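[1] What follows is a predicted protein model with its sequence.
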Amino acid sequence: MKLSVIMPVHNERRTIREIVSRVLAVDLGHLTKELIIVDDASTDGTREVIRELVATHPDIQPVFLPQNRGKGAAVAQGIRVSTGDLLVIQDADLEYDPAEFPVLLGPILAGHADVVYGSRFQGSPHGRRVLYFWHSVGNRLLTLVSNAFTNLNLTDMETCYKAMTREIAGRLDLRSRRFGIEPEITCKVARLKARIFEVPISYHGRTYGEGKKIGLKDGFQALWTILRFARWEAPAADVGTVTLRRMARLSSYNKWLHDRFDAYLGRRIFEVGSGVGNQTTYFVERERVIASDIEAHYLRELRARLGDRSNVRIASFRFPLSDEDREDLRRERLDTIVCLNVLEHIEADRATLEDFAAALPSGGHLVLLVPAMPSLYGSLDVNLNHFRRYEPTGLRSLVSAAGFAVDTIRYLNRPGVVGWWLNSKVLRRKVLPRQQARVFRLLLPLLRLEQERAPSWGMSLLVLARRL
C-alpha cells in the first residue's frame with residue numbers, strides 16, 4: 001500500500017528543504033510513500049531548490065505549473081498525478097508536522113474512516129503555537145457555518161491536514177483555485193457520505209511576517225464556497241449515483257416499494273446491487289443479510305451505514321458468477337434473493353437468473369424488480385447503462401426458463417411513466433432533474449391506488465418467484 005503526499009508550493013524557498021526532509025524521514029512501517037510537489041509558479045527560487053531535491057530523492061515527483069493558479073488548483077493537480085492508495089495534503093511551510101502522519105492515517109488503516117481531519121483545536125499533547133485571536137475566531141466561525149450546511153460536527157474545517165482514500169479523492173472533482181479548497185473538500189466528502197474522523201494534531205502557526213498568506217478575502221471566499229458546494233452532487237457522468245441519491249430522499253417511496261414484497265422475504269437474504277442501501281436498511285433485522293455491489297463507493301457507504309452489524313455482510317459479486325463465488329453463496333444457506341433495478345444492467349440476464357437459481361434451495365424466493373415498457377427506452381436508460389426494458393410475457397418466460405415458478409408478476413408505479421417519457425424520450429436528458437424528484441414526491445399518494453388493484457401498465461415490473 002502506498003501513501004501519496006500532496007504538497008502545494010508557492011514561494012517557500014526558506015522552508016522547502018526542511019519540510020521535504022521531514023516528509024521523507026517519516027517511518028510509515030509497511031506503507032511506501034511518494035511525494036508530489038506541485039509548484040504553483042514560484043518566483044523566489046523555490047523551483048530551483050525543488051529541482052535540486054529531485055536530483056537526490058527519487059521518491060519526489062515534481063509538477064511545475066506554468067502560471068500561478070492557487071492552492072486549490074495545485075492540490076487538484078497533485079491528486080491527478082498521484083498513484084497512492086491513500087493521500088494526505090501537506091503544506092510546504094513548517095506549520096504542520098509530518099511526524100503525525102501515522103496519527104492521521106490510523107483511523108483509515110484500522111478500517112474506521114475514509115477521511116481524517118487533523119484538528120488544531122482538539123488539544124494535542126504536543127500543543128500549538130499561540131498566535132492571532134481574530135484568526136482563530138475566523139477559523140471557528142467558518143467551521144460553524146460549514147457544519148451548519150454539511151451537518152457535520154468538525155472542530156477544524158480549515159485545517160490543511162486531510163487524509164483520505166484514493167476512492168474518495170478520485171471523486172472530489174475539485175474546482176476551487178485558492179484557499180476555498182478546504183470548505184470545498186468538506187462539502188464534498190459530506191455529500192459523498194464518507195466516514196469522517198478527526199484526530200488532534202500539533203500546530204506551529206506562522207505570523208504574516210514569516211510568510212503566512214491567508215487573509216480576510218479568503219474568509220469571504222470560503223463562505224461563498226460553502227454556499228456553492230453545499231448541495232453538490234457527483235459529476236453528471238455518474239448518473240447512477242446521482243439517481244440513487246435522489247431516490248434515497250424519497251423515503252416514503254422506498255418504504256412503499258418494500259411493502260410490496262416484504263411478506264415474501266425469508267430470513268437469509270442476498271441483495272444483488274444494494275447501491276447506497278435504499279432498500280438494504282429494511283432487511284437488517286433478518287437473520288442474515290448479504291449486501292452486494294460492484295462499485296467501490298457504494299460498498300464504502302454500505303460499510304459506513306451497516307458495517308457494524310454482525311448479521312450483515314458487505315460483499316461484491318459479479319454476474320454471471322465464478323465457480324468460487326457460486327460455492328461461497330451456497331455456504332451462506334440463502335433462502336431469498338432480492339434484485340431491484342439491477343438485471344437490466346447485466347447483458348447476460350438469462351445466465352444471471354440461472355446463477356440466482358443455483359444459489360437458492362428448492363422453494364427459495366426471488367424478488368425481482370426491472371424497468372418495464374420497452375417503448376419507454378430512451379436517453380435516461382442509455383445513460384444509466386440499461387441494456388433493455390422488459391414486458392410481462394417475455395420476463396415470465398425468462399424467469400421460468402432459469403428454474404423458477406412465477407407466483408406474481410405485476411406493474412408498479414404508473415405515476416412515474418409520464419415523467420420518464422418526457423425526460424427520456426422528448427427532452428432526452430441524461431439524468432432526472434432534482435426538481436422533478438420533488439414533483440414525484442407530491443404524486444406518491446397516487447401509488448396507494450395500486451395497492452389493491454395492479455395497474456395495466458407502469459414504470460416497473462415486480463416478479464415474485466420460487467425456486468423449483
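    Noted; the coordinates are in hand.

[2] Which strands and helices lie in contact with the helix or strand encompassing Tyr253?
    Tyr253 belongs to helix 251-259 when assigned by DSSP states H and E. Counting contacts by 3 or more C-beta pairs under 8 Å, 6 or more residues apart in numbering; DSSP states H and E, helix 251-259 packs against helix 239-248, helix 434-443. Bear in mind the C-beta positions are built from the backbone N, C-alpha and C, glycine included.

[3] hmm, try it at 10 Å
    helix 239-248, strand 336-340, helix 434-443 (3 or more C-beta pairs under 10 Å, 6 or more residues apart in numbering; DSSP states H and E).

[4] correct me, but Ser460 touches Asn413?
    Yes - in this structure, Ser460 is within contact of Asn413 by C-beta atoms under 10 Å, at 5.4 Å.

[5] Just give the nearest non-adjacent residue to Lys425, would you?
    Leaving aside its sequence neighbours, Lys425 sits nearest to Gly378 (C-beta to C-beta, 6 or more residues apart in numbering; 4.3 Å).

[6] Any idea how many residues pack against the one you found?
    Counted with other C-beta atoms under 10 Å, residues neighbouring Gly378 total 20.

[7] who's in contact with it?
    Each residue near Gly378 by C-beta atoms under 10 Å, 6 or more residues apart in numbering is listed here: His386, Arg389, Trp420, Trp421, Leu422, Asn423, Ser424, Lys425, Val426, Leu427, Arg428, Arg429.

[8] ok, back up a step: between Ser460 and Asn413, what contacts are shared?
    Leu257, Leu369, Pro371, Ala372.

[9] Tell me if I am right that the second one is in a strand.
    Read that as Leu369. Yes - judged by DSSP: H, G, I helix; E, B strand; the rest coil, Leu369 forms part of a strand.

[10] biggest helix in this protein, by residue count?
    In the chain, taking DSSP state H as the definition, the longest helix is helix 133-150.

[11] thinking again about what came up before, would you write out the PyMOL command that picks the buried residues out of the contacts of Gly378?
    Selecting just the buried residues from the contacts of Gly378 in PyMOL takes one command, with 16 or more other C-beta atoms under 10 Å as the test:
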select buried, resi 386+389+420+421+423+424+429
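
[12] Just the ones in helices from the contacts of Gly378, please.
    Using DSSP H, the members of those that fall in helices are Trp420.

[13] Just the closest of the contacts of Gly378 to Glu301, please.
    Proximity of the contacts of Gly378 to Glu301 (C-beta to C-beta) peaks at His386, which lies at 22.4 Å.

[14] Now stretch 375-389: average pLDDT?
    Averaging pLDDT along stretch 375-389 gives 92.

[15] buried ones in it?
    Neighbour-count burial for stretch 375-389, counted by 16+ other C-beta under 10 Å, picks out Leu376, Tyr377, Gly378, Ser379, Leu380, Asp381, Asn383, Leu384, His386, Arg388, Arg389.

[16] Just send those back as JSON lines, with secondary structure and distance to Val399 too.
    What follows is the buried residues of stretch 375-389, written out as JSON lines (DSSP: H, G, I helix; E, B strand; the rest coil; distance: C-beta to C-beta, whole Å):
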{"residue": "Leu376", "secondary structure": "helix", "distance to Val399": "21"}
{"residue": "Tyr377", "secondary structure": "coil", "distance to Val399": "20"}
{"residue": "Gly378", "secondary structure": "coil", "distance to Val399": "25"}
{"residue": "Ser379", "secondary structure": "helix", "distance to Val399": "28"}
{"residue": "Leu380", "secondary structure": "helix", "distance to Val399": "25"}
{"residue": "Asp381", "secondary structure": "helix", "distance to Val399": "21"}
{"residue": "Asn383", "secondary structure": "helix", "distance to Val399": "27"}
{"residue": "Leu384", "secondary structure": "coil", "distance to Val399": "22"}
{"residue": "His386", "secondary structure": "coil", "distance to Val399": "18"}
{"residue": "Arg388", "secondary structure": "coil", "distance to Val399": "14"}
{"residue": "Arg389", "secondary structure": "coil", "distance to Val399": "16"}
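
[17] and which of the residues you listed is nearest to Asp40?
    Minimum distance to Asp40 across the buried residues of stretch 375-389 is 36.4 Å, recorded for Asn383 (C-beta to C-beta).
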